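Visitor: my questions are about this predicted structure, shown below with the sequence.
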Amino acid sequence: MLGPCSASSRSEAGVDLIQEKAEDWWEVEALYDLCFAPGRSALSSYRLREGVPPVAELCLCLRDRTGAMVAAIRQWPVRVGGAPCLLLGPVAVHPTRQGEGMARDLIARSVAIARDLGWERELLVGDEPYYRRFGFRKVPGVIMPPPTNPDRVLGLELVEGAWQGVSGAVTRYTD
């Protein structure tokens, strides 16, 4: 596992964990463009992020010894049936560094920080066999905007019982 994120820390893989800064935004976006299909911004999860800043403490990056961005994760606030929730993603690892456990480390660290910050629940759209290792499970009654496959809508309780009684449409976060 990577060290504390309050300062840069070097992992055994020779990468530094940093909190994303404003000047990293476009480099992270370029990594997402490289790792995902060109139409990624047309996905329903992107509609939920429009005009809403991500949770800064949960936007983490990994840089290699040369300073190149090799992995990144972001989390965004949303609402589920009116209840506050985090939307995890996107998470990406540069194709030349995949298979080294960087996504696993970023997800685990980001989830731990979210818990420490007092968030109660998280949501993502992804493959349950992969995300199950972090505790994500299908959440009944949670409805992502179309065209999201409902079988890929997964939730995680950061606080025991956090998903009990929480259901409904996933909407943009507004105060």
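Guide: Right, received. Where do you want to start?

Visitor: make it CA atoms for all contacts and neighbour counts henceforth
Guide: Will do.

Visitor: the nearest residue to residue 73 once chain neighbours are set aside and residue 167: what is the separation?
Guide: In space, and not counting its chain neighbours, residue 73 is closest to residue 91: 4.2 Å by C-alpha to C-alpha, 6 or more residues apart in numbering. According to C-alpha to C-alpha, to the nearest Å, residue 91 and residue 167 sit 25 Å apart.

Visitor: give me the more crowded residue out of those two.
Guide: Counted by other C-alpha atoms under 10 Å, residue 91 and residue 167 do not tie: residue 91 has more neighbours, with 22 against 17.

Visitor: check contacts around that one.
Guide: Neighbouring residues of residue 91 by C-alpha atoms under 8 Å, 6 or more residues apart in numbering: 71, 72, 73, 74, 103, 106, 107.

Visitor: ok, residue 147 next?
Guide: By C-alpha under 8 Å, 6+ apart, the neighbours of residue 147 are 43, 44.

Visitor: and it, helix, strand or coil?
Guide: coil (DSSP: H, G, I helix; E, B strand; the rest coil).

Visitor: repeat for residue 163
Guide: Here residue 163 is recorded as coil under three-state DSSP.

Visitor: relative to residue 119, how far out is it?
Guide: For residue 163 relative to residue 119 (C-alpha to C-alpha), the value is 12 Å.

Visitor: who's more crowded, the two?
Guide: Just comparing residue 163 and residue 119: by other C-alpha under 10 Å the higher neighbour count belongs to residue 163, 21 against 18.

Visitor: beta partners for the residue lying closest to the more buried one once chain neighbours are set aside?
Guide: Nearest non-adjacent residue to residue 163, counting by C-alpha to C-alpha, 6+ apart: residue 157, 6.4 Å away. Counting by DSSP bridges, residue 157 forms beta bridges with residue 121.

Visitor: circling back: next step: the contacts of residue 91 restricted to strands.
Guide: Taking DSSP state E as the definition of strands, the contacts of residue 91 contribute 71, 72, 73, 74.

Visitor: make a markdown table out of the contacts of residue 91 and add pLDDT.
Guide: Shown next, in a markdown table, are those (pLDDT from 0 to 100):
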| residue | pLDDT |
| --- | --- |
| 71 | 98 |
| 72 | 98 |
| 73 | 98 |
| 74 | 97 |
| 103 | 96 |
| 106 | 97 |
| 107 | 97 |
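
Visitor: list the buried residues in the helix or strand hosting residue 45.
Guide: Per DSSP states H and E, residue 45 falls inside helix 44-49. Judged by neighbour count using 16 or more other C-alpha atoms under 10 Å, the buried positions of helix 44-49 are 45, 48, 49.
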